[in-house]
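Undergrad: structure for the following, please:
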Amino acid sequence: MNPSLAENSVGHSPLPFKTINGDLSTALGDGRQWLVMKFGGTCLGTKEGLADVVQIVRSVLDENYIPVIVCSAISPGSKADGTTSLLLRASIEALEDGAESAHSTVRQIEDIHCNLAQELGLGEQVIADMRAECTELVSFLSAVEVVDELSPRMKDTIVCKGERLSCLLIGSVLEAHNVRTETMYLDSVFNKNFLQENDQGELLDQVTMRLGNYVRNRTEPENKSVVVTGFVGSIPGSLLSRVGRGYSDLTAGLLAAGLNSPELIIWKQVDGILTADPGRCPNAQVLPSITADEADELTFYGSEVVHQLTIKQVISKHQKPIRIVNAKCRDRSKGTIIEESGPGRRMVTTKGGVVIVHIKGDRRRHWTTQIFKVCESYNIAVDLVTTSVVQISLAIALPDLPTSTPASQHNGASYTLGKSANGFTRRKRLGSIEEQWFEFYQQDSSKDSDWVWIGNDDFKVMDDDNLPLNGAWVTKNLAGAIDAFKKLGQVTLSIRQVILSIVGRDMRGLVGTAAELFQTLAIEGVNIQMISQGASEINITTVIGKKDEERALRAVHDELVLTTNQK
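TA: Below you'll find the predicted structure:
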């Protein structure tokens, strides 16, 4: 057997891995080892990207591995314009306007895939199979219209079509390049009786075992590679609802554990994990490695690194590294490796869509407990908390969507609901996927909108300039929680806020970092609404106004991140 990937590029031998099934280190009894790789949708959406995939798979085969390729739904451009976003949009269209309205979106999805297949010369049968998948998709959308309901399970079923189409495309491309490939649709792995409502950890153990066995037992000895969907079927509570759109990362991670892959490789269109968003910080640099807890903090506070459950399952539980690599460079020794421990690096990230709820009261007995009981009752996740003698402040991130809805009239001016503002904003993103997706959110709350307008009759609403407003758009859950908070004290809602976090294990026990942060933001004229240092001591987190986000991010990156990493 060739040296393992871990020995070649990570610097250590694969760690032993045992499950209740025993040693899973070899695949077919011929000494070949599994290597699980997940490809992001933007890697798969163009002819050039697919050429990169073929070369990467061939290089893995040359090293005597069996590549297991976990596919996301393809995105020819941005993620917002990708297949998954279109499928979600079609599901909403079917529910609100009828299946006929969703057909144009399905045709758009069909054209994207069939045109790419034609460009690649994959043949009429592949195109026919793609059209058959889209025809079945139309049937599902028609069912949504008939029952007038979009259940979590039905949404899962609709979304999984994107990855079935992707697998069909990738498998056909590899076969066309003489790579014998087994294509598996993992949405049929679990039946209704297999998965019961269990503790999440136990559930994931079951899924890991079943996925590993499923792929292992269905791979014929003569096959050189395996292509699988990131979607694994309707788990209890819905995969989209319980895990979110990063579920393909988790599937890849569970497969890496179940097949004892020496590491999980995630191929993207970026060079790895950077010190900041390179689109906003021109001086951002690629980090050769970060630790699992640093990656976890980055993901929580806004960076799209790896799904948090993936980090927990692959690194913390099964002691396997995760590598983030740019598919264009085709060299998996590059990029960023995430491991359990390491030297520690500094990064900075921001998380938008944040509001602050300030509650001022008399701090009577169990006052704080009552506040958090309200949060639990209304399913409010609190990102950050600060307290004083008479006040508690809660930083709450509202959902990623809706990005925008039709304009509504307040105070004689036209405003649009949006994540970037979480309330008033005069910037309407016309024609965006998300705007069309959420056209059904009418201002009439009787339409079952998840968002409602709340006035400031008996509490204050402030913007990011700390100027008063006469109300704001919030989720129904938050509106209910605010009503409950009013019974506990005086409430002020600050909208258009952003969480800015410095993450780095090197800050643990280091004196003066918070002071440097204060000074840097003060020089830029940035007002800090809240500040907290995590119990792990690897992050310092602030809440600032949206208007200050860009210059604060660049200043903190250049003054506190780059200068420290270069020492």
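Undergrad: just for the stretch 451-567 of the chain, where's the confidence low?
TA: Low-confidence segments of the stretch 451-567 of the chain (pLDDT under 70): 508-509, 534-536, 566-567.
Undergrad: can you check the chain too?
TA: Ranges of the chain meeting pLDDT under 70: 1-30, 78-80, 190-203, 233-246, 363, 400-449, 508-509, 534-536, 566-567.
Undergrad: how about 50 then?
TA: 1-27, 197-200, 401-448 (pLDDT under 50).
Undergrad: does the nearest residue to residue 459 once chain neighbours are set aside belong to a helix or a strand, and which?
TA: The shortest distance from residue 459 to any non-neighbouring residue, by CB to CB, 6 or more residues apart in numbering, is to residue 491 (4.1 Å). In this view, the C-beta of every residue, glycine as well, is placed from N, C-alpha and C. Using DSSP states H and E, residue 491 falls within strand 490-503.
Undergrad: who does that strand touch, helix- and strand-wise?
TA: Applying 3 or more CB pairs under 8 Å, 6 or more residues apart in numbering; DSSP states H and E, one finds that strand 490-503 contacts helix 292-300, strand 347-360, strand 391-397, strand 460-462, strand 471-475, helix 476-486, strand 539-545, helix 549-556.
Undergrad: neighbours of residue 504, just the number please.
TA: 26 (other CB atoms under 10 Å).
Undergrad: swap in residue 282?
TA: Neighbour tally, residue 282, other CB under 10 Å: 10.
Undergrad: sec struct for it, please.
TA: Under DSSP: H, G, I helix; E, B strand; the rest coil, residue 282 falls in the coil class.
Undergrad: for it, phi and psi?
TA: Per-residue torsions, residue 282: phi -60, psi -20 (degrees, to the nearest 10).
Undergrad: what's around residue 469, how many residues?
TA: 19.
Undergrad: from residue 391, how far off is the nearest residue to it once chain neighbours are set aside?
TA: Distance criterion CB to CB, 6+ apart; nearest residue to residue 469, sequence neighbours excluded, is residue 461 at 4.5 Å. For residue 461, the distance to residue 391 under the criterion CB to CB, to the nearest Å works out to 17 Å.
Undergrad: more crowded one of those two?
TA: residue 461 (22 against 15).
Undergrad: is the more buried one bridged to anything, and to what?
TA: Under DSSP bridges, the beta-bridge partners of residue 461 are residue 469, residue 493.
Undergrad: for residue 231, see how far away it is.
TA: Taking CB to CB, one finds residue 461 at 41 Å from residue 231.
Undergrad: repeat that for residue 262.
TA: 25 Å.
Undergrad: ok, now residue 467?
TA: 46 Å.
Undergrad: who has more neighbours, those two?
TA: Shown here are residue 467 and residue 231; by other CB under 10 Å, residue 231 has more neighbours (29 against 8).
Undergrad: which residues sit in contact with that one?
TA: 156, 159, 160, 163, 186, 187, 239, 247, 248, 251 (CB atoms under 8 Å, 6 or more residues apart in numbering).
Undergrad: how about the secondary structure of residue 220?
TA: Per three-state DSSP, residue 220 ends up coil.
Undergrad: quick one: it and residue 182 touch, right?
TA: Yes: contact criterion CB atoms under 8 Å: residue 220 and residue 182 qualify, at 6.6 Å.
Undergrad: could you check which of the two has the larger neighbour count?
TA: residue 182 (18 against 9).
Undergrad: which residues does the residue nearest to residue 469 contact?
TA: So residue 461 contacts 423, 454, 468, 469, 470, 471, 472, 492, 493, 495 (CB under 8 Å, 6+ apart).
Undergrad: would you mind measuring from the closest residue to residue 349 other than its chain neighbours to residue 273?
TA: Residue nearest to residue 349 in three dimensions, not counting chain neighbours: residue 303, with 4.4 Å by CB to CB, 6+ apart. As defined by CB to CB, residue 303 lies at a distance of 8 Å from residue 273.
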